[in-house]
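J.: One predicted model, sequence on top.
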Amino acid sequence: MISVEVQHLSRRFKEIKALKDVSLCFEAGMIHGLIGPEGAGKTTLLRTLLGLLDCKEGHILYQKDDAPITLKKVRAHIAYMPEKQSLYGDLSVREHLHFFKDLYGIPPQEFQQRADVLLHLTRLEKFKDRAARQLSGGMYKKLGLMCALLRAPQMVLLDEPTNGVDPISRREFWAMLHELRFEKNITIIMATAYMDEAERCEKVHLLEGGNVIDSGVPQDLMRRYAVDNFDELFIKKAEQA
Amino acid sequence: MILKGFIRKEIIQTLRDPHLGMAVIIMPVLQLLLFGYALTNEVKNIRLDVYAEPRDVLVQNIYDHALASRWFAPVKKHKANPIDAIQSGEADAVLVAPPGGLTRAAGRNEEKIQLLVNASDVLRAQAADIYLKSIAQSLEPKGEKTPHAPLSVSVRMLYNPSMTSSTFTLPGIMSMLLTFLVMVLTCTSIAKEKERGTFEMIISAPIRRTDIILGKTIPFALVGVWNVFIALMASRFFFSLPLRGSLVAFGFVSLCYVYTALMAGVLMSTFVKNQQQSMMCNFMILFIAMMLSGCFFSVDNMPLPLRLISYVNPLAHYTFLVRNILLKGGDFMYLIQYSSALLGVGIVLAFFAFRRFRISL
């Protein structure tokens, strides 16, 4: 099981400071939500956690089974699903799975087993030969998740996976995440701008303008701020600011 | 395993995209044929008119020989005077006999015929001048010594005896098409991955920079090799382009060039973020490389600074090598010298390409 601790992390893109002295703890085996509006720094944080952006100011400490581990070594166990449409529109579901199998170096027998499980989990069995561009928004996201999960990761970073997806597909997606969390004990860090999704997480980290404004269990946070939902919480915070 | 995945993906995507598939498989042959026939230095069909007495046999003889040479064609409409014929665009050149006729003037040893040429097109004008002088010389009576030609020079054209233009231009066109396919496709393919966000997904996997570079280049290396073969076959079949040197030597230098062009494509991809930038960047580089390659214009005629640039232009080295192998049979020392230069440029490009290629955002 993988856990991550972020200490005083800052990240600048020329004049824009995307992350400002961020300190967070992502405990193992939980669903963490990075909640915040557009431009809060969620994507920058996820990319830095994975090493896609270099960590110039601050530290990120990784632990696997309670022992420190380097990013280089831990990367093999972390899957990532970017926010952008990151699949090949002209390749079918099956072709995507084969491409990522080769990319991750998964042996054929193991691949077949994992692919069957994932196709069943995502209910994409019937659409194996359909091109990615012909899938619905929800199915497309599921395919992205399936490609990320193919290498049996211990931690999954999801960048706004339900963005632009209809409510039913979103509910199915969340059901899938909970299944992964409880059956496979995977640590999930998910960035989202949908405030209602915060309540589905086990722990949320509220970001705004590159700052972490609070962290905690969703219900505790709502009680503390005396609000009914996270929309109200952000409005209250904005008024205070 | 990673390479297998990339190669399979690229092949599927290339074949599945009708435009790209056509660009890779059919277009090179079509372009070779089109350019092979269209890009020629030979000036033909110069419209020639004649102003002479009908009984002036000597002028008529020159005119008939000129038309028979096929460099000249008759005008459609004979104008009232020679200047009108040029002015109206009806004729490119006009033969004007002296008063009383050339035949009679020749009898007085005053054989001078005037040739009016439209020099607004310099190339056609120069060609008309040279062609007609050579026709007129060939019609001079044998055995008579003329004061203008004291030496008789026997000219023998080697390697391209018929002076066929396509024999000169085809190796250049082959090199150009290969560059376009290999360099542009590699660069644009990487730029496309960046633009569509698929690059982010790929680099999130724990793979090495070398894996991605090889994965993105090997499929296009195969495309390049395939096109070298097709271009050679088409050149031989349609234009009877000779292959006087070794096929192995030709294959070797082509592989060296494919490698260099691939590295140029990878290096260029590190400067661009999307397909549009890639196309613009490639167009500019390719245009300069083509102009300074000797494909169509001799590098030796260029000023020294441009000649120096051509020394680091892989397209120039490959074009020289292809011409040398195909037309002259391939000199071993020449092959070693230019292949080394080609590989040297390739190694330098690879060094910078690997240095600049990042597996981060």
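T.: Structure received.
J.: so what's the residue in the stretch 1-150 of chain B positioned nearest to chain A up against?
T.: Evaluated by C-beta to the nearest C-beta, the stretch 1-150 of chain B has B:G5 as its residue closest to chain A, separated by 2.5 Å. C-beta: built from backbone N, CA, C; applies to glycine. Counting by C-beta atoms under 8 Å, 6 or more residues apart in numbering or on different chains, B:G5 makes contact with A:H98, A:F99, A:F100, A:K101, A:D102, A:L103, B:G215.
J.: Look at it and tell me its secondary structure.
T.: Look at B:G5: counting by DSSP: H, G, I helix; E, B strand; the rest coil, its state is helix.
J.: chain center to stretch B:58-78: distance?
T.: 30 Å (C-alpha atoms, centre = their mean, to the nearest Å).
J.: hmm, back to that, quick check, pLDDT for the residue of the stretch 1-150 of chain B closest to chain A.
T.: B:G5 is assigned a predicted lDDT (pLDDT) of 88.
J.: Need the residues that contact stretch A:111-128.
T.: Residues outside stretch A:111-128 that contact it (C-beta under 8 Å, 6+ apart) are A:92-94, A:97, A:101, A:106, A:135, A:139, A:142-143, A:145-146, A:149-150, A:152, A:172, A:176, A:179.
J.: among those, which ones are buried?
T.: Members of the contacts of stretch A:111-128 that pass the buried threshold by neighbour count (16 or more other C-beta atoms under 10 Å in any protein chain shown) are listed as A:92-93, A:97, A:101, A:106, A:135, A:139, A:142-143, A:145-146, A:149-150, A:172, A:176.
J.: Next, the buried residues of the helix or strand where B:G265 lies.
T.: In the assignment (DSSP states H and E), B:G265 maps to helix B:247-269. Along helix B:247-269, the positions that meet the burial threshold by neighbour count (16+ other C-beta under 10 Å) are B:249-250, B:253-254, B:256-269.
J.: how much space between the spatially most central residue of chain A and B:F332?
T.: By C-alpha atoms, centre = their mean, chain A has its centre lying nearest to A:L158, at 2.0 Å. From A:L158 over to B:F332 the distance is 61 Å, taken as C-beta to C-beta, to the nearest Å.
J.: residues near the residue of chain A found nearest chain B, how many?
T.: At 2.5 Å from chain B, A:D102 is the closest residue in chain A, using C-beta to the nearest C-beta. The number of residues packed around A:D102, counting by other C-beta atoms under 10 Å in any protein chain shown, is 20.
J.: same question, B:K328
T.: 15.
J.: How about the contacts made by it?
T.: With C-beta under 8 Å, 6+ apart, B:K328 has these contacts: B:Y159, B:R244, B:G245.
J.: Spell out which parts of the stretch 151-300 of chain B neighbour chain A.
T.: Counting by C-beta under 8 Å from any C-beta of the partner chain, the residues of the stretch 151-300 of chain B lying close to chain A are B:R196, B:G197, B:T198, B:E200, B:M201, B:I202, B:I203, B:S204, B:A205, B:P206, B:I207.
J.: The fourth one touches B:L361, doesn't it?
T.: Yes. Between B:E200 and B:L361 there is a contact under C-beta atoms under 8 Å: 6.6 Å.
J.: Just give me the residues shared between the contact sets of these two.
T.: By the contact definition C-beta under 8 Å, 6+ apart, B:E200 and B:L361 are jointly contacted by A:L52.
J.: Touching stretch B:91-106 from outside, list them.
T.: Under the contact criterion C-beta under 8 Å, 6+ apart, stretch B:91-106 has outside partners B:46-53, B:55-59, B:62-63, B:66, B:72, B:75, B:79, B:82, B:85-86, B:110-118, B:121, B:124-125, B:128, B:132.
J.: In PyMOL, how would I select the buried members of those residues?
T.: Selecting in PyMOL just the buried members of the contacts of stretch B:91-106, where the criterion is 16+ other C-beta under 10 Å, is done with this command:
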select buried, chain B and resi 46+47+48+49+50+51+52+56+58+59+62+63+66+72+75+79+82+85+86+113+115+116+117+118+124+125+128+132
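J.: mind listing which of the contacts of stretch B:91-106 are in strands?
T.: Here DSSP state E is the test, and those give B:I46, B:R47, B:L48, B:D49, B:V50, B:Y51, B:F72, B:Q114, B:L115, B:L116, B:V117 as lying in strands.
J.: quick one: pLDDT of the last one?
T.: pLDDT, the model's per-residue confidence, is 87 for B:V117.
J.: my read: it touches B:A127, true?
T.: No. With contacts counted by C-beta under 8 Å, B:V117 stays clear of B:A127, the gap being 9.5 Å.
J.: A:V74: neighbour count?
T.: Residues contacting A:V74 under the criterion other C-beta under 10 Å number 21.
J.: oh, I was asking about B:L3
T.: Applying the criterion other C-beta under 10 Å, we find 14 residues in the vicinity of B:L3.
J.: now swap in the one 5 residues further on and tell me
T.: Other residues near B:R8 number 16, with proximity taken as other C-beta under 10 Å.
J.: Report the distance from the helix or strand harbouring it to the chain centre.
T.: Assigning secondary structure by DSSP H and E places B:R8 in helix B:2-16. Going by C-alpha atoms, centre = their mean, the spacing between the C-alpha centre of helix B:2-16 and its chain's C-alpha centre is 32 Å.
J.: same deal with stretch B:39-48?
T.: For stretch B:39-48, the distance between its averaged C-alpha position and the chain's averaged C-alpha position is 17 Å (C-alpha atoms, centre = their mean).
J.: ok, and what's touching that stretch?
T.: By C-beta under 8 Å, 6+ apart, the residues outside stretch B:39-48 that reach it are B:63, B:66-67, B:70-75, B:90-95, B:123-124, B:127-128, B:131, B:163, B:165-166, B:168-169, B:173, B:296.
J.: before we move on, what about stretch B:57-66?
T.: Under the criterion C-beta under 8 Å, 6+ apart, residues B:48, B:50, B:52, B:54, B:72, B:95, B:97, B:101-103, B:106, B:111, B:113, B:131-132, B:135-136, B:138-139 lie in contact with stretch B:57-66.
J.: rewinding a little: where does the residue lying closest to the residue of the stretch 1-150 of chain B closest to chain A once chain neighbours are set aside fall, secondary structure wise?
T.: The spatial neighbour of B:G5 that comes closest, neighbours along the chain excluded (C-beta to C-beta, 6 or more residues apart in numbering or on different chains), is A:D102 at 2.5 Å. Secondary structure assignment for A:D102, by DSSP H and E: helix A:93-104.
J.: Wasn't A:Q7 part of a strand?
T.: Yes. The assignment for A:Q7 is a strand, going by three-state DSSP.
J.: Which helix or strand lies directly C-terminal to the helix of greatest length in chain A?
T.: Counting by DSSP state H, the longest helix found in chain A is helix A:167-184. Taking DSSP H and E as the definition, the helix or strand that follows helix A:167-184 towards the C-terminus is strand A:187-192.
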